[in-house]
Structure formats: C-alpha cells, structure tokens
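Colleague: Sharing a sequence plus its predicted fold:
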2 protein chains.
Amino acid sequence: MQKATGRVSRRFTPVSFTDVAIEDRFWAPRIRVNREKTLAHQYAQCKETGRIDAFRLDWKPGQEPVPHIYWDSDVAKWVEAASYSLATHPDRKLDALLDEVVSLIASAQQPDGYLNPHFTVVEPEKRWTNLRDCHELYCAGHLMEAAVAHFQATGKRTLLDALCRYADYIGTVFGTGPGKKRGYCGHEEIELALVKLYRATGERRYLELACYFVDERGRQPYYFDEEARARGEDPSRYRSGNYDYCQAHVPVREQTEVVGHAVRAMYLYSAMADLAGETGDATLLAACERLWDNLTLRRMYLTGGIGPTRANEGFTCDYDLPNETAYAETCAAIGLVFWAHRMLQLDCDSRYADVMERALYNGVISGVSLDGERFFYENPLASLGHHHRQPWFGCACCPPNIARLLASLGQYVYSMGEGGVAVHLYIAGSARLRLNGALVTLRQETEYPWTGRVVLRLEMEQPARFTLRLRIPGWCRGTAARVNGEAVDLSGKVVKGYACLEREWRNGDRVELELPMPVERVYAHPEARQDIGRVALQRGPLVYCLEDVDNPVPIHRVMLPADAELTARFEEGVLGGVVMLAGQAVAVSDEGWESALYRTQPPVRVPVTIRAVPYCVWDNRAPGRMAVWLPECA
Amino acid sequence: MQKATGRVSRRFTPVSFTDVAIEDRFWAPRIRVNREKTLAHQYAQCKETGRIDAFRLDWKPGQEPVPHIYWDSDVAKWVEAASYSLATHPDRKLDALLDEVVSLIASAQQPDGYLNPHFTVVEPEKRWTNLRDCHELYCAGHLMEAAVAHFQATGKRTLLDALCRYADYIGTVFGTGPGKKRGYCGHEEIELALVKLYRATGERRYLELACYFVDERGRQPYYFDEEARARGEDPSRYRSGNYDYCQAHVPVREQTEVVGHAVRAMYLYSAMADLAGETGDATLLAACERLWDNLTLRRMYLTGGIGPTRANEGFTCDYDLPNETAYAETCAAIGLVFWAHRMLQLDCDSRYADVMERALYNGVISGVSLDGERFFYENPLASLGHHHRQPWFGCACCPPNIARLLASLGQYVYSMGEGGVAVHLYIAGSARLRLNGALVTLRQETEYPWTGRVVLRLEMEQPARFTLRLRIPGWCRGTAARVNGEAVDLSGKVVKGYACLEREWRNGDRVELELPMPVERVYAHPEARQDIGRVALQRGPLVYCLEDVDNPVPIHRVMLPADAELTARFEEGVLGGVVMLAGQAVAVSDEGWESALYRTQPPVRVPVTIRAVPYCVWDNRAPGRMAVWLPECA
C-alpha cells in the first residue's frame, strides 16, 4: 500500500480507444449494435420525451412535460456516446445530428454562462439553492464530459467553449474566495468532469475547481445544512437521513467505508483517484485504497454489481449481498469500471484490473439487451421471472451510460507507462502504440472469454526495448507463456499480477499466453449470509447463471451436488454464440406436496441435467426465473 | 368439503373464557403479566399520547397532537382487553378506571349517534367521505367489540347503549335502501363486530347490517371509485394500486386467493365465517374454505405468521415466504387465530385447530416480551440483530390486540356441540361445562407444550353420556389414549383429527393422552424458494430458532448436518423455563478469508454445539441474530 505521506503519480496512461480496434466475438458485436441500434434508439427516446427540446427554453408554465432537473445529463451522455462512436466510425449523418444537438445545447447558455434548462425556464429563482437534491452541478459535469468528447472526436469547439464558459462561471460562484458559496453537488460528477476539461484544455483552474469540490465535501458546518436553512427547511428532515447518502458525512480523506448512493460514490472516488494522480496527493490515494478494500472485500457482488438496496440505491453494511433484491444499478457497475480504471493508472496492480474485468463482463454488460434497445436499471443475481429490460426509464441514467462505455471500450484494454505497455484485458483486435520512439502495432488473437489462449503479435518498423506487461487474471491458475515459441518461466517476472516481459522486441515477435479456463465453483465469504451453503459457477471472467428456459425444472428447485462434473461447450446458436455449462444436478420434487406447506419428510431429490449461460446475457430469451447462486448439496 | 349449495350451521360454541381457568406454565404467566403489567402500561401509553383525552373533544386547530383517525381503535382494544381481564379477575381499581374511560368515550357521542373524535373535531366536514382510507367504520367496529366486552364483564350498559345508538345511526347511513350510501370500510372490522353486537343484544338488524357490509364489498361500480370522484380525486391514483389491498376487488364469494393487507383479510374472513354460521349461507363458507386452503397451503409461515411484505402489510404470491424481511404482523397472526377459531365452530376439523395452535404458540405470542411491556409489530423468521420489541408504536394496533387476546385466551380451548365437548388445545387448568344437563368440571393436567402427556379428569354430580372430542395435533404421530387406565384403540374413532370418545362418563373418570413429542426437522414446500435446502426445528407445537446468545458462532454461519442428533431438555433458568434443543452442527469458518470476498475453495466447516430456543421467546435476552431456517448439509 502507498504510504499516505509520499507523493503519487499517474504512472500509466490509457491508450485511447481511437487507437484500439476491437474485433472479437464478445465485444465487437455489442459495440456494433451500440453504434447501429442503441444510439438511434436513445436519440429517439431523448427526442420523444422532450429531453432534447428542453434546450429550446420555450417551456411555458402549465405545459407538459416539465423539463426535469436531470434531463440534461441524459442528453449529455448521449452526445458523449455518439461522439466516441464518431471518433472510431465516421458517420456523416451522426456528425450532422450531433452538430444540431450541440448547437441547441449551446444556444441554451445564458449570458452569464449558466446552462441548465430547468433552472432557466422552470424555476429560475431557485438556481443554486439546493445543490443537495437538484443535480445542477451534476448536469454541468455531464455536459463537460460531452463537450470534451465532442471536441476530441470532431475538433469542433462549440460545446467545449460553452462548457468552459459555464465552468468559469461556476468558478465565480463556488469556492473559498470572498463572497463565494462553499457548496458542492449532492450527486458527484462535476469533479471528474473538471479533470477531463483540464486535460482537454490545459487550463489548470478547472483542476483546481475539481480539487475544491473534493476537498470541501463533508466539512462542517455542512453546506447542505446551511443551504436547507436558507430555503426555510429543517436540515434534519433530509429525506435520505444523513449525508452518508451522498458521501458528504465527513471529509473525503476521512472516509473509510463505501456508503450511500453507489453511483455517486463511484464518481467521487474516480475523481479522488484522478486528483491523486494529477496533484500527487498521497492522502487522497490512501483514502481510495481504504475504500477500495472495503468495497471489493466486503460490498461487491460476484458480478461486479454494487449497491445492494433500492432504499438508497446504494450500500448497506459489510457482507450484505441479497441476490433476489440486489439493486446493483448498471450505472454503479459502470462507475466501478471508471474508478478501477483510474486506480490502475496510479498502480498497475491486477486487483484493479480484475475488478474492472469482473464488472465489465458481468454486471455492466448485463445492463443492455443483445439487440441494444432494452436496458436494466437493476441487475439482481436472482429473479422470479418478472424482471426485464426496458426501452427507457423516467430516470434514464443507465441507458446512455452503457452506450458511452461501449463506444469507448477500447480505452480500458491497454495502458502505456513505466517503459512499456500493459495489457489489462484480452480482447481480439489491435492497438497502435508509440513505445520508446517506435511505432508498434500490437495485435491480439484470441477467442477470449470463450477460451484462455491469447496470441500477441508485434508489428514494428524497428526493434525497441520495452516492457510488455501482461495481466495474469485473478481467476487463473497455472498460466503459461511463450515468446516466439519458447516457454518463459514466469516465476519472478510477475509484479502485482502482471507478467513483465522486458526485452528488445522485434517485428513479428509473438507472445503466447495460456490461461487455463476450467469451470470453477465459487464460494462467498462466510459472513455473506445470503450465499451460505451456496455455490456459483464461473469460467474465465464470466459468472454463470441458470435460466428456466434452459432447464427442465423451475431453477429455484435445483441443488448442485458438491461432486457434480460440469462441462463447457461453445454453442453457436445460443445467444449469439456463448459457452454454455452443463452437468448433472438434483432438483427437489414437489411430488407428494399437494396437501402440505410444511412436513417432516425432506422433499425427494431427483436427478436433472442443468445448463447455465453467462449471467451477462440472461433475459434475452423466454422470460423466466434466473439464479446465480445455487444451493450446494452432498 | 361443505357443498356450496347446502346449508351451514354453527355446530359448536366456544366455552367462554370466563368458564375456563388456565393454570399452566406456558400461558398462565403470560396472562398474569398481561393483567399485572401490560394493561397498565398500555393505558399509560394511551393516556400520554393523547388517545384517551381525544374523546374530550376539546381539540383546537393548531394544537398538537391532532387526534388521529385510528386512535379510537387503540383505546377500544384496551377497553376490551381490560374488560376481559376484569371478567376473570375482579379488580376494583381497574373497574373504576374502565368506568371513567367508558364514560369519556360515551360522552363523545354526537346527538345523531356518531362517535369519532377525529371526524367530530378535526375534520367534521369529511365525515363518511373517505371510507377507503379513513378507518371510520373500523374504529366503530372496535368500539362495538369493546362495548360488548365491557357489558359482558360488568353488566354495565353505558358503552353498549352508546354503540347500539351508533350502530343504528350507521344503519341509517349505509345500506341498499333509498338515499343510503352503498359504502363499506377500507379496513374490515365492523362486520365481525356487528355480529358480536347482534349476539349480545339479540337485535337482528345488527346481523343484517353485517351481511350488508360483507355482501356489498367488491361490487361494481366500486363504491371507492365513486367516493374518490366525489372528493374530486382520480380513483386510479389510489396509492395502494387496486382494491386487492382491502379485499374489495371482487365480491367476497368470488375471492379465491388471500390478497392485500393481511389483518384486513383476516377480519373479513372471520366475519364471513361468522355470517355463514349465523345465516346458513353455504356460499360464504365455500369461499372461506377456498381462501383457507390458499392461505395455509401456500402463504403462511411456519410460525403462523402471515403477510410477508411491508409494502402492503400483506400478501404477495404463492410460496413467497422471505424470512429476514418477513412482515408477519402480530395483528395478522391474531386475526388468523380469530378466523381459525370461527371455522372450527362450523366444522370441528383439526386443520383449523392446528393452524390456530401454530399461530398462538409461535407468531402471536412472539409479539410480546416476557415482561409484557414491549411488542413486535413485525415478526420476521430471521434477524441480523437489529429487530427489537418496542414499548409502543405511532400506529399501535398490535399491543392492545395481543392484550385482548391473552385476556380472553380461555375461549380457544374448548367448544360445546354435537352432543359433547371438544378439546382444541392442551393447557393445564379446568373448565366448567354443562353437558346434557350435567354440570361437568373438566380438568387438564399437563406440562404441555413441554411434554405431550395430558391427563383429563371429569368431575360431575351425576353420570352423563356425551362425546369427548380430543384433538390429535397435526404435528403428532403415534398418539396413545387410555380411559381409566385402559388403552383405547383410536382407529376408527378419529373424525377430522379429533379422537371421539363417546360413553356415559362418570365422576372421577380419567382420560390419558400421550402425544409423542420428539424434536422434528421440518421442511418447506419445494416452491418456497427461500427455504430450499433449509430445515427448521419443531417440537410439539413450538417452532424453534437459534439466537446468537446461546451459540458459539454467529448463527448465520451454522449448518445442520442431516444426521445430527438433537436433544430436548427443560431449562428452568432460561427465559422463565423453556425446553431448549441442543445438538452437534457445523459452522462455516472465516479462517483464511481475510483477503477474499469470493474464492474457489469452499469455506472450512468446523463442528459446533448449537442450542435453540422456542421462537416465541426470542429477543428477550442479549440482542443478536436469530434464525428459524438453517441450511442443512450432509
């Protein structure tokens, strides 16, 4: 662990998704559907629901719908997603549509720089009066992320300039200077967005504003208390109970447990990691590491889903991981990817990449249907058959969040730093890199996540010495590597979970990795009471589940004998092609139970052949029950 | 099953609690505490919170507290409980206090007979404008029950006369006659109360009004719709969604599943059973039988708790019986006792008595602490250690409900009918009966529920021929009986679960019953997914649970091997004297789990000695976790 007294640096930099081609069977079809279906679908939803036209500022009292306080963020995330897509796949129509939306957004900016339809036309008198609940700075943050994305994709400055003006205006309102409000947003987001704005513009004042928002958070007297009193409200009547809900209960450096609304938490911790890297502040990194351990050792589902309860859309207590009622919001798992990715740049440790991979392959991508037009808000680990993806939501944060993630997925695969390149994820395709002056194309050939064999080929004009860091996944035991056909002894070469191969690399060099990928039984910590006596199935990075549609009995009646063999087989025709698991299990029979709800004879167990599919693709066929954790029997 | 075309009669009549002495070790101490502590405690709560003084009608706008719409029912149930207590245990001070409270209540009656503080002083303009939500007729019903109880205990007519006037006034407002409202209450209660009023006064119009309320329920067009429109409200915005919530979705004879708010359902079904018996309407009984099967074969906890969810304080779907989040309101289990008891008078079938016993010994009596001054509203079957009894509630229905049940418990033990007496419950004590002209004292000597040996002695001036019906509990296998020392072959003598011993009985006759009471493992129906792979422990009528305080490991880590022997032993010093169970189980260990939330090696199991106590007395010692259902392992 990093000492809190030292200084931190961002030692690695992600390779931009614009330099990474994804050509595998798992992600590439998802990204294509995202581009070809999801973006149009989401634009239509934003248009039909009035979210886009809200920026026209022509709303009149009494008119329905009323521009909502968080609508801007949905449009912003769509702009961000569409911009990323444009950056990798030029599309004249999408470019024109983006121009139109971006101009409309910019047109809503007020002379002082303010940019928020709701608080411009619906409740102008309430501007900045309720940071705790009203998402004003959150929306601003999403618009900043959109602006940076659009600028980077197209070079067009319309939105970027507008958002810089808005950020500058925000900087005149908030801060520690005389006459400024000591406020910060109830829903974190602007903090990480300001870091992006700083990186895109080089304007240090945006970084400083991000630092202010993070440093001010949770200080006493609470800004939210004062703000509530100014509105004539009793702060103790806050409906979320206390400021844990928005991670504003204590200053961020004193926080030790992940609490409150899970998405807010992830966005805050992401910003903290960003700022630790940018400013070298080791106290921020130390807080991040403490929070990371608490989250990943006590409060994370096997799927990378986080935030078990609907009550606060967030965290409860250690080891409380109910399956059927798991909230595990799609946005929260995405937020976990954001945070893990940032931690990974500060410290190339596979514990961050392992969690990032777990979330991506399970609890994130479960959030969207294979056809790209239906979305989960909640991602439970068991279902009675009534939980299905929806085309849209009144609170529609998740759909465009997953769209922007998929459109920029390439950035999570590689990082540059410490004299080389790190490969975090195994995804067939290629990356263009500049390594010690040499232009290198790194090609991955693999059927991952369906098999554990990965071949990496280097194409380069001239030889160059650098370190190739290859992540050994945490789920993997017995990794073998070869360079140009020759076995490499990895002992002593693995640093923080990455096999470090340093040499003078030449054009045509070929590295092979064998990541054994048996079907694994996974058990949860004994304090996770909801999983006691239960087992889950995992193969490679994929968590599996049973669905009624593949099984001969209602799946809540299945028990898996401890010695049951399970086999894996690629099924071309199922769910677009997935590896299914199969094996002999038992099912408790309801024979003889017609006239009893309880009895002293245990239910008879009958043998059944069960089949399991990756959790991430459940609910894409006939509706039915689903379960990840199965009772294990002798 | 009774044919829907036949006629029904109430074939049995409960022996009044005033003729039954309870002298056992299980109930007698509870009844004494109820009399000596609970009644005073609850009076103080009613007084301190303003519930009693609300009847002074001196509330002025702006004054706190505001008399609440359901306060009257709390006071009424306290009057009822205190009256029952007075009937068996004369107490001059309590008598005087009751006179005072009863006079105060009666003094609040309006010239037209109306009697409801809230709608007299707080919102007089809203009288009878919202039957759906405002509990007006519900409160009237509880006052009627109180009036009957006070009259029967003391012979004093003050409250009875007031409630007859109120009932007569209600009869002028509601009904099918010209100018009357076709309304009925959102919270059933008045229906069964009017039957009591009819039985106490002999005035058939009260029975007819009860019939009207039951028959009108659920007819279309819905009264609640029309009433909402009359208030200027959109009926479709009913916050409970639909009229399932209050069993008013279809006419009662068409209802097939127990739905909605569990207490409301039980009070309605109780009234339906009453009316079936009073009017001979077999269609009502047929509906009751269908609903009974649905409840007891699909929707009832092992404890007799019912209504699994807080969302509607009621029912969800078949076999949905979550343990940790079980709502299982104390009042609902009490309502189940009311209903079971009424069904039992129509049909002396042990399936009704079995459920009545299950609820009484488990999910009802769990509702009050051993010291009589703290109460559960919810009775979950598992707890993390944060669920504790409270001295009172803002919505305080449960505390006085359990007080009135305990004060009148004797009425559930015996019934007279069909040429004899039926013994439903085995409780040491005695009953005074008149059987075919003979005065009979029936004495029970037993340590039940701690042992299954019961001795019944008959004391009578002259011999008499009658049938002694002795319930063979559903949990019991291998019952043996002796009469005057001679074994009786029960085969052919058991009718609907009752051993029917018909003969000329003489003074000094002695019947012995041996009800073998081993520790039983109980399993739930395979559709009850929350209990799959789990086992519960029961001995006699008592369901057991594990509490942290008795066990060497956190009890959620315990698994019970299928072959573990369990022993039962009476522990004088524990919880006032209970039989505890003990045995060898295993616990999953958290050794080696410091750095993992999930792993592929199953947790190590270590042997532990576990101890279990009756569920009904949990949370009377050091706070901690509790569980009824334990994972079973090989």
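Modeller: Received it, and whenever you're ready, just let me know what you need.
Colleague: Figure out how far stretch A:623-634 is from the centre of its chain.
Modeller: 26 Å (CA atoms, centre = their mean, to the nearest Å).
Colleague: Quick one: residues contacting the residue in chain A that chain B sits nearest to.
Modeller: Of all residues in chain A, A:Ala634 sits closest to chain B, at 2.9 Å by CB to the nearest CB. All C-beta atoms are positioned from the backbone trio N, CA, C, and that covers glycine. For A:Ala634, the contact set (CB atoms under 8 Å, 6 or more residues apart in numbering or on different chains) comprises A:Pro561, A:Ala562, B:Cys633, B:Ala634.
Colleague: Turn these into a markdown table, including pLDDT.
Modeller: A markdown table is the format used below for the contacts of A:Ala634 (pLDDT from 0 to 100):
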| residue | pLDDT |
| --- | --- |
| A:Pro561 | 97 |
| A:Ala562 | 95 |
| B:Cys633 | 93 |
| B:Ala634 | 87 |
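Colleague: With respect to A:Ala481, which of the residues you listed is nearest?
Modeller: Closest approach between the contacts of A:Ala634 and A:Ala481, by CB to CB: A:Ala562, at 33.3 Å.
Colleague: who are the neighbours in contact with the closest one?
Modeller: A:Glu632, A:Cys633, A:Ala634, B:Pro602.
Colleague: what's the closest non-adjacent residue to A:Pro399?
Modeller: Take A:Pro399 and drop its neighbours on the chain: the residue closest to it by CB to CB, 6 or more residues apart in numbering or on different chains is A:Phe375, 4.5 Å away.
Colleague: hmm, I was thinking of A:Asn551
Modeller: Nearest to A:Asn551 is A:Ile610, by CB to CB, 6+ apart, at 5.5 Å.
Colleague: Check the offset of whichever strand or helix holds that neighbour from the chain's centre.
Modeller: In the assignment (DSSP states H and E), A:Ile610 maps to strand A:605-614. With CA atoms, centre = their mean as the basis, strand A:605-614 stands 31 Å off its chain's centre.
Colleague: what's the next helix or strand after it packed up against?
Modeller: Downstream of strand A:605-614, the next assigned helix or strand under DSSP H and E is strand A:626-627. If contacts are counted by 3 or more CB pairs under 8 Å, 6 or more residues apart in numbering or on different chains; DSSP states H and E, strand A:626-627 sits against strand A:382-383, strand A:542-547.
Colleague: Closest one to B:Asp24 out of the contacts of A:Ala562, please.
Modeller: So of these, ranked by how close each gets to B:Asp24 (CB to CB), first place is A:Cys633, at 41.4 Å.
Colleague: Any stretches of the stretch 101-250 of chain A with poor pLDDT?
Modeller: Applying pLDDT under 70 to the stretch 101-250 of chain A flags no residue at all.
Colleague: follow-up on the earlier one: got the helices and strands packed on strand A:626-627 as CSV, with distance to chain B columns?
Modeller: Output for these, formatted as CSV (distance: least, CB to the nearest CB, whole Å):
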stretch, distance to chain B
strand A:382-383, 8
strand A:542-547, 10
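Colleague: Let me know which of these is tucked in deepest.
Modeller: strand A:542-547 (a mean of 28; mean count of other CB atoms under 10 Å in any protein chain shown).
Colleague: so for stretch A:364-383, what's the average pLDDT?
Modeller: The average pLDDT within stretch A:364-383 is 98.
Colleague: list the buried ones in that stretch?
Modeller: For stretch A:364-383, the neighbour count (16 or more other CB atoms under 10 Å in any protein chain shown) marks A:364-370, A:372-383 as buried.
Colleague: got it, and stretch A:38-57?
Modeller: A:38-43, A:45-46, A:49-55.
Colleague: now what about it, what contacts it?
Modeller: Against stretch A:38-57 from outside (CB under 8 Å, 6+ apart): A:65, A:67, A:71-72, A:74-75, A:78, A:81-82, A:85, A:94, A:97, A:101, A:104-105, A:107-108, A:117-118, A:120-121, A:368, A:372-373, A:391-392, A:396, A:399-400, A:403, A:406-407.
Colleague: ok so, going back, OK, contacts around the residue nearest to A:Pro399?
Modeller: A:Thr330, A:Gly367, A:Val368, A:Ser369, A:Arg389, A:Gln390, A:Pro391, A:Trp392, A:Phe393, A:Cys398, A:Pro399, A:Ile402.
Colleague: ok, now with 7 Å
Modeller: A:Phe375 makes contacts with A:Thr330, A:Gly367, A:Val368, A:Arg389, A:Gln390, A:Cys398, A:Pro399, A:Ile402, as judged by CB atoms under 7 Å, 6 or more residues apart in numbering or on different chains.
Colleague: go on, A:Val355?
Modeller: A:Thr296, A:Gly304, A:Leu336, A:Ala340.
Colleague: what's the closest non-adjacent residue to the third one?
Modeller: Excluding its sequence neighbours, the residue lying closest to A:Leu336 (CB to CB, 6+ apart) is A:Ala359, at 4.9 Å.
Colleague: Neighbours of A:Arg92, how many?
Modeller: Residues near A:Arg92, counting by other CB atoms under 10 Å in any protein chain shown, number 8.
Colleague: so what's the backbone phi/psi at it?
Modeller: phi -60, psi -40 (degrees, to the nearest 10).
Colleague: And it, what's its pLDDT?
Modeller: Reading off the model, A:Arg92 has pLDDT 97.
Colleague: what's the closest non-adjacent residue to A:Val523?
Modeller: Let me fix one detail, which is that residue A:523 is Tyr and not Val. In space, A:Tyr523 is closest to B:Pro602, 4.9 Å off (CB to CB, 6+ apart).
Colleague: Pretty sure that neighbour sits in a strand.
Modeller: No - judged by DSSP: H, G, I helix; E, B strand; the rest coil, B:Pro602 forms no part of a strand; its state is coil.
Colleague: Of the contacts of A:Val355, which is the nearest to A:Gln255?
Modeller: Nearest member of the contacts of A:Val355 to A:Gln255, counting by CB to CB, is A:Thr296, at 15.5 Å.
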